[in-house]
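Asks: Based on what follows, work out the 3D shape:
(chains A and B)
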Amino acid sequence: MREVAVIGIGQTRVEEHWDKSLREIAGEAVLLALQECGLEQAESLYVGNMMSGSANRQQHLGSYIADWVGMRYTEGYHIEAACSSGAAAFRSALMAVASGSVDSAIAVGVEKMTDSPGGEITTQLATAADADWEADMGLSFVAINALIMQRYLHEYHWSKDDFAGFSINAHANGAHNPFARFQEPINKAGYQKAPMIAEPINLLDASPMGDGAAAAVLIPLDNIRKQAGQKLVKVVASTAATDTIAAHSRKNPIWLSAAEKSVKQAYNQAGISPNDIGVFELHDAFTIMAALSLEACGFAEPGQGPRAAIEEQICPKGRIPISTRGGLKARGHPVGATGMYQIVEVVQQLRGEAGETQVERPVYGMSQNIGGSGSNIITHIFKSE
Amino acid sequence: MEIPRHWRLKKQRYGLVGEVCPHCDAKIFPPRDVCPHCGGEAKTAFNFSGRGEVYSYTVMHDAPAGFDQNTPYAVALVKLEEGPVVTAQLTDLGEEQPRIGMPVEMVTRKIREDANERGMLIYGYKFRPVLR
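Replies: Sure, this is the predicted structure:
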């Protein structure tokens, strides 16, 4: 396998892009990424997206986006893995370049959610779960996460307020990210007053929907002529693991086995331990997922995830900075695009381009994208050199 | 609505018919033909008692399309006494608040109906507090 570097990144702001279509926002991210590295096109294109078939009545996004960005004749595919579609697209692009099959690839994640009414989007998001045995019973995707969080509070004796720090950190960081959906800080009183969606999950535990796209260009490391002072970001680990589609089938519904599996393999590939990770963009779709991710990845003992938030270990200056550009909570969660936003943000951090929320000289950065309620978890580790 | 998909599940939805593994005796619901415990083939039908307890619960205020007339409603992970955990709505709670550990039993109820009056009515299992 060849070593691969990310040489270009691009993103649109996460918001309600009423005046733009799915292909316009995806195209914008792709073209920004290409411009940044001075390429005109790539040999292959992977489009991560969860629900364009139902939300936008459009599938076949490989051809659709390749055509739109002037890359006709390029190889192109639509990659779907629910909320982890973005990282799945990146991993596909990586495998294509690492294998030697192509010499350049673009991964773009895109979701255009405002083309369908909210109730329909809620139904479509639930297709990430088991249709026969979870969604058919009237559960939304939020409800499944609420069941996990409620049990977690019960077993480990945390109160709901102990999770406030995850949202406060995310919003504080999002306030400095021009691409974030929400750019206003929040405080504990605001968190406590937020309306309940499905107890114990309230509006400020949950990440917002939005329209967005983020992209990256990958080429073999050996094809780069490094210029003096230039920081390169190379991919040092890429792993993925599935778990049962339904949360109720897991031996322990409050432990992310697939995260543990993929992250252990990732640390092995990179030859590092959790202590070496300088920045971690995790999948804080809900505050409970941030806690479970920290635990599964070795940054907190089982049941102790909230402590990292309470002790402010997760801030940009803390022991394990997370959601440094706002995370899913404040940057926003345009489902199939999210995994690519996480990767773009880790690349910004490793290049030293993260502005006010720049982590001090990180060498390794990690991103972890979670599909469903923990049923598909993809981990990437990057190194700056 | 996808009629065949619901019709196909009638034994499970109306009678909690799952499977028992002939190799390790694990009880399996919903049926999956491969035992999640030992990996052996498991196609022997098994009738669950319908008794269990609440493993976790939540109350939904914002429902998916087709369920919005019922909000707020309680849903739960129910640990059946034979072992498996199922996802279902709680019903007949009256004044009682759902709680973890609450003993519950399966009942057949209307799960949803199409807005269109010629549409389908879908029945299936919900769980209620055990009657004393």
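Asks: low-confidence ranges in chain B?
Replies: Scanning chain B for pLDDT under 70 picks out B:1, B:132.
Asks: tell me, what residue is most central in it?
Replies: Residue closest to the mean C-alpha point of chain B, counted by Cα atoms, centre = their mean, is B:A88 at 4.3 Å.
Asks: What separation is there between it and A:L94?
Replies: Taking Cβ to Cβ, to the nearest Å as the measure, B:A88 falls 41 Å from A:L94. C-beta: built from backbone N, CA, C; applies to glycine.
Asks: residues from chain B in reach of chain A?
Replies: Applying Cβ under 8 Å from any Cβ of the partner chain, we find that chain B lies next to chain A at B:5-6, B:9, B:30, B:36, B:55-68, B:70, B:73, B:75-77, B:84-89, B:100, B:111-112, B:122, B:124.
Asks: Could you list which of those residues belong to strands?
Replies: Among the residues of chain B next to chain A, the ones falling in strands (DSSP state E) are B:55-60, B:73, B:75-77, B:85-89, B:111-112, B:122, B:124.
Asks: Would you mind writing the ChimeraX command to select the buried ones in those residues?
Replies: A single ChimeraX command selects the buried members of those (16 or more other Cβ atoms under 10 Å in any protein chain shown):
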select /B:55,56,57,58,59,60,73,75,76,77,85,86,87,88,89,111,112,122,124
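Asks: Can you give me the neighbour number for the residue nearest to A:S44 when sequence neighbours are not counted?
Replies: Distances taken as Cβ to Cβ, 6 or more residues apart in numbering or on different chains place A:E75 nearest to A:S44, at 4.1 Å, with adjacent residues excluded. Look at A:E75: counted by other Cβ atoms under 10 Å in any protein chain shown, it has 17 neighbours.
Asks: Now do the contacts for the nearest residue to B:V54 once chain neighbours are set aside.
Replies: Sequence neighbours aside, B:M102 is the residue nearest to B:V54 in space, at 4.4 Å (criterion: Cβ to Cβ, 6+ apart). Counting by Cβ atoms under 8 Å, 6 or more residues apart in numbering or on different chains, B:M102 touches B:53-54, B:96, B:129.
Asks: same thing but 7 Å
Replies: B:53-54, B:129 (Cβ atoms under 7 Å, 6 or more residues apart in numbering or on different chains).
Asks: contacting residues for the residue nearest to A:S44?
Replies: A:E75 neighbours (Cβ under 7 Å, 6+ apart): A:43-45.
Asks: Point out the residues in the stretch 251-385 of chain A that sit beside chain B.
Replies: A:P253 (Cβ under 7 Å from any Cβ of the partner chain).
Asks: let me fix that: the stretch 101-250 of chain A
Replies: Applying Cβ under 7 Å from any Cβ, we find that the stretch 101-250 of chain A lies next to chain B at A:119-120, A:122-123, A:126, A:132-134, A:136-140, A:143, A:146-147, A:150-151, A:154, A:196-199, A:246, A:248-249.
Asks: Mind checking which of those residues are buried?
Replies: Buried, going by 16+ other Cβ under 10 Å: A:120, A:122-123, A:126, A:132-134, A:136-140, A:143, A:146-147, A:150-151, A:196-199, A:246, A:248-249, out of those.
Asks: Next step: those residues restricted to strands.
Replies: In this view, those that belong to strands under DSSP E are A:196-198.
Asks: ok, these vs A:V344, which is closest?
Replies: A:I197 (28.2 Å; Cβ to Cβ).
Asks: right, and the closest one touches B:V59 too?
Replies: No. If you go by Cβ atoms under 7 Å, A:I197 and B:V59 don't touch, sitting 9.9 Å apart.
Asks: most neighbours, which of the contacts of A:E75?
Replies: Neighbour-wise, the contacts of A:E75 (other Cβ under 10 Å) top out at A:L45, 29 neighbours.
Asks: And for that residue, nearest residue in space, chain neighbours not counted?
Replies: In space, and not counting its chain neighbours, A:L45 is closest to A:G76: 4.2 Å by Cβ to Cβ, 6+ apart.
Asks: A:A172 too?
Replies: Using Cβ to Cβ, 6+ apart, the nearest residue to A:A172 is A:P185, at 5.0 Å.
Asks: Give me the number of neighbouring residues for the one you found.
Replies: By other Cβ under 10 Å, 16 other residues sit near A:P185.
Asks: Over to A:A33?
Replies: Applying other Cβ under 10 Å, I find that A:A33 has 27 neighbouring residues.
Asks: Which pLDDT value does the model give the spatially closest residue to A:C37 that is not a sequence neighbour?
Replies: Distances taken as Cβ to Cβ, 6+ apart put A:G8 closest to A:C37, at 3.3 Å, once the chain neighbours are dropped. Listed pLDDT for A:G8 reads 97.
Asks: Which of the contacts of B:M102 ranks first by neighbour count?
Replies: B:V54 (22 neighbours).
Asks: Pairing partners for it in the sheet, please.
Replies: B:V78 (DSSP bridges).
Asks: And for A:A81?
Replies: Going by DSSP bridges, A:A81 forms beta bridges with A:C83.
Asks: In the chain, mark out all the helices, start to finish.
Replies: Since you didn't name a chain, this refers to chain A. Under the criterion DSSP state H, helices of chain A are mapped to A:22-37, A:52-55, A:61-68, A:85-98, A:118-125, A:141-156, A:164-174, A:188-193, A:257-270, A:287-296, A:305-310, A:327-330, A:338-351.
Asks: looking at chain B here, not the other one
Replies: Counting by DSSP H, the helices of chain B are B:3-8, B:10-15.
Asks: Those into CSV, with extra columns for mean neighbour count and distance to A:G53?
Replies: Putting those into CSV (neighbours: other Cβ atoms under 10 Å in any protein chain shown; distance: least, Cβ to Cβ, whole Å) gives the following:
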stretch, mean neighbour count, distance to A:G53
helix B:3-8, 11, 18
helix B:10-15, 16, 27
